[in-house]
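[1] What follows is a predicted structure for the sequence shown.
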Amino acid sequence: MPPDIRIVKVAIPCPLYGTFDYRLPALDGLTIQPGMRVRVSFGRRQLIGIIIEEVQNSDVPAEKLKSISAILDNVSLLPEDILNLLLWAARYYVHPLGDVLQTALPVQLRNNDDATPSLTEFWRVNDAHDLSADDIQQSLKRAPKQQQIYQLLKDANTADINHGLDADAFNRLTDNWRPSIKALLDKRLIESGVRPAVLTSENTSSKVVQLNSEQTEAVHAIENHAHQHAVHVLNGITGSGKTEVYLALCKSMLAANKQVLILVPEIGLTPQLTQRFLECLDTTVAVLHSAMNDRQRYAAWHAASTNQAQLIIGTRSSIFTPLPELGLIIIDEEHDGSYKQQDGFRYNARDLAILRAKNNSIPIVLGSATPSLESLNNINEQRYSVHYLKQRANKKPLPRISLVNLCNQKLHEGMAETLLSKIKQHLDQQGQVLLFINRRGFAPLLMCHDCGWTTNCLRCDAHMTFHKRRNQLHCHHCGSQRAAPEKCDECGSTNILAIGAGTERIEHYLQDTFPSTQVSRIDRDTTRNKGSLEEKLEKAHSGESGILVGTQMLAKGHDFPNITLVCVLDTDQALFSADFRASEHLAQLITQVSGRAGRAEKPGEVLIQTHHPDHPLLQTLLHSGYQAFAKTALQERKAAGLPPIRHLVLLRCESVATQAAQTFLQQAVERARQVNTTDIEIFGPLPAPMERRAGRYRYQIMLQSDQRKALHRFLSWWAPQLQQLVSARKVRWSLDVDPYDTF
Ligand code: ADP
Ligand code: ZN
Ligand code: ZN
């Protein structure tokens, strides 16, 4: 290679492994840093790639090396620690590096050359005018809305530039405010400005919480190792005050000018948690979640990465945010499945957070009432330390859990009479009731009463769910929709039955049965519109809605003080599921939803319906609790050779024609057999539990091993081989390292 040629390795967003070599322009004094974005031509397209490193030599002959079209950034957007984390993740999850980097970058930076973050517009009172108080009053006299807005701004106004109000703040405080803002600007009573996308939180909470001894011990134990790496599991029952522990840890970190990253499963579902952090801390905050638009999200990311925001609250992908002063990571509800990305780059944000904390020599806290079996296993192996909060902070006992045996009972839309009379009893005593069923819609299927025809999805091995209010059939697996049939497709009969019950049907039945009680359904269908979830949660919180019917959306972190009865309607499906994590999920769910009962003054009660009251899982859970269940479950995983005892990798493949996917997987197995894989067991090809979905046939190969190293050595050899197979071109395939499920 001629000495005057400079070469860089660039990661490019494409499905190929590895990086690509490009020539740097011959500019004197050009300094480049890994993590800068460049525009390059790739095939026939112009793409934005990221410089990984400068190298001396290339396998590509000098005359064939393409030049970089443009260098887009003056400085690196991905500091060394993040770049290393991503390089590691690309290897570990055996995923193309370019695509890994794409996932980590804010969308705004993937598509635009310009990396200038947009600023947030805000408004504040304009004092630089010569109007007297009387003049102002006069000019607002006939405009009550303007008066209200002006007063809000007056209340918020201080010398600090951050203390005006922005659109978010107005949306929280009032509605239809924009016209008044415009009028006030015209009258020069207020002025507008811009600022970085950072919230300034003020400790406005009047509640002074004195940590109890368990909480204090946990805080001390974690703070004692504040400047070194350690994984702390905060295992506290629901309502034991885990959030107060997080807050105490945040306070001391923020006081030491450190940044704190808090990962939560889904911000939309837990507005209360974010609110609590804002209310209890004096700091600068960036919130990162999927409901923000690309510009907002990048602005918040930028504020965090330049230390303009000290507290960062975000969902899964926030783990990739550069944080120059990061001192602590907190993962709330660490067992939650939403930390695992289920398509594309299939990473687990909890696991990457632990690695990030290790690389940065900082502590990480994993909080949960029901820690994952992975974390419990790591505690057993003494890799993680654990701190228990065994008492509810308000000293209230945990609710009594009992089983309702469904066998031979008369059922009303799937609910036993004993359950219905319990609901009545609690309502009569001014209690609030939460019913939990993990099935949306009115009924899972429609069936012809004359010939047995059922509403199957044409593209999946699944029934289409009947949604009564819209009078439609929806497939929850591929999204297909059609009008509900008036008569049978097969025999023309109009005698059509709705089989089984979902949230919509339960809601109808309960509203008919308890007409004087407000029944509120909380699932994805009823909370689609902006603000509707907040409104429903508000009514649930105030007690206005006496009965809440919901899906797992309701199981997460909500604090409804008036709930006295929680009912879990369907457990049998999970007890006999093909998914190896199903029983763990069920145990977590029962424990979590049970924690929703009896949080405040009134004692709580939990009822679980099942046809299998003697099932060992339910018995262990009821009589000995989640920890005992987890112990048994870990033994079962060990016996079955499943995670977290053994390591699992799934090679999934799907194709429109059944044969193509099977051929690819068979060849993949043959390739694997060419090397010595004695440390790795290979099963398959096998059909996926749902063989056909969205018109594609799905098969998979499962790899199991005790030896993480051997498994990864093998994968890094195997994956590029798979890419070379001719049969790979006719299929979609993906590797899933540490899969969350096997569907
Ligand atoms: P968790 O996160 O474990 O479910 P929270 O932190 O939300 O529990 O606490 C439940 C309730 O108890 C909250 O209202 C919280 O303010 C209150 N609380 C927590 N710790 C204490 C304490 N030490 N003293 C008084 N109240 C507390
Ligand atoms: Zn029929
Ligand atoms: Zn379908």
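    Noted; the coordinates are in hand. Ligands and ions are numbered 1, 2, ... in the order given.
[2] Could you report the neighbour count for the closest residue to Met415 other than its chain neighbours?
    Excluding its sequence neighbours, the residue lying closest to Met415 (C-beta to C-beta, 6 or more residues apart in numbering) is Leu569, at 6.7 Å. (Glycine included, C-beta is placed from N, CA and C.) Using other C-beta atoms under 10 Å, Leu569 is surrounded by 24 other residues.
[3] any idea how far Leu569 is from ligand 1?
    24 Å (C-beta to the nearest ligand atom, to the nearest Å).
[4] Surely that residue and Glu413 touch.
    No. Contact criterion C-beta atoms under 8 Å: Leu569 and Glu413 do not qualify, at 9.3 Å.
[5] and for the two, which residues touch both?
    When C-beta atoms under 8 Å, 6 or more residues apart in numbering defines a contact, the residues bordering Leu569 and Glu413 alike are Ile506.
[6] hang on, the earlier thing: return the per-residue confidence for the residue nearest to Met415.
    We have a pLDDT of 94 for Leu569.
[7] Likewise for Asp166?
    On the pLDDT scale, Asp166 gets 82.
[8] Need the nearest residue in space to it, chain neighbours excluded.
    Asp166 sits nearest to Phe122 (C-beta to C-beta, 6+ apart), 4.1 Å away.
[9] mind listing the helices for the stretch 401-550 of the chain?
    Remark: helices assigned in the stretch 401-550 of the chain by DSSP state H, counting those that start in this stretch are 417-428, 503-513, 532-542.
[10] of all those, which lies closest to Pro271?
    Nearest of the helices of the stretch 401-550 of the chain to Pro271, taken as C-beta to C-beta: helix 532-542 at 6.3 Å.
[11] which ones are touching Ala89?
    Shown in contact with Ala89 (C-beta under 8 Å, 6+ apart): 95, 100, 345, 347, 352.
[12] I believe it is in a helix; please confirm or correct that.
    Yes. Applying DSSP: H, G, I helix; E, B strand; the rest coil, one finds Ala89 inside a helix.
[13] can you tell me the distance between the two ends of stretch 302-315?
    End-to-end distance of stretch 302-315: 16 Å, with C-alpha to C-alpha, to the nearest Å as the criterion.
[14] quick one on the thing from earlier: format the helices of the stretch 401-550 of the chain as JSON lines; extra columns: mean neighbour count.
    Below are the helices of the stretch 401-550 of the chain laid out as JSON lines (neighbours: other C-beta atoms under 10 Å):
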{"stretch": "helix 417-428", "mean neighbour count": "16"}
{"stretch": "helix 503-513", "mean neighbour count": "20"}
{"stretch": "helix 532-542", "mean neighbour count": "16"}
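[15] Could you dump those into a markdown table with mean pLDDT and distance to Pro13 added?
    As requested, the helices of the stretch 401-550 of the chain are exported to a markdown table (pLDDT from 0 to 100; distance: least, C-beta to C-beta, whole Å):
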| stretch | mean pLDDT | distance to Pro13 |
| --- | --- | --- |
| helix 417-428 | 96 | 53 |
| helix 503-513 | 97 | 40 |
| helix 532-542 | 87 | 34 |
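[16] So which of those helices is nearest ligand 2?
    Set against ligand 2 and scored by C-beta to the ion, these come closest in helix 503-513, at 21.8 Å.
[17] Would you mind getting the angle between that closest one and helix 417-428?
    If you take axes from the mean of the first three to the mean of the last three C-alpha atoms, to 10 degrees, helix 503-513 sits at 60 degrees to helix 417-428.
[18] With only the CA atoms kept, save helix 503-513 in CSV.
    Extracted in CSV, the C-alpha atoms of helix 503-513 (Å, rounded to 0.1, in the frame of the first residue of the first chain):
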residue,chain,number,x,y,z
THR,A,503,-61.3,-8.2,27.9
GLU,A,504,-64.1,-6.7,25.9
ARG,A,505,-66.5,-9.5,26.7
ILE,A,506,-65.7,-9.4,30.4
GLU,A,507,-66.2,-5.7,30.4
HIS,A,508,-69.6,-6.0,28.8
TYR,A,509,-70.7,-8.7,31.2
LEU,A,510,-69.5,-7.0,34.3
GLN,A,511,-71.1,-3.7,33.2
ASP,A,512,-74.5,-5.5,32.8
THR,A,513,-74.1,-7.3,36.1
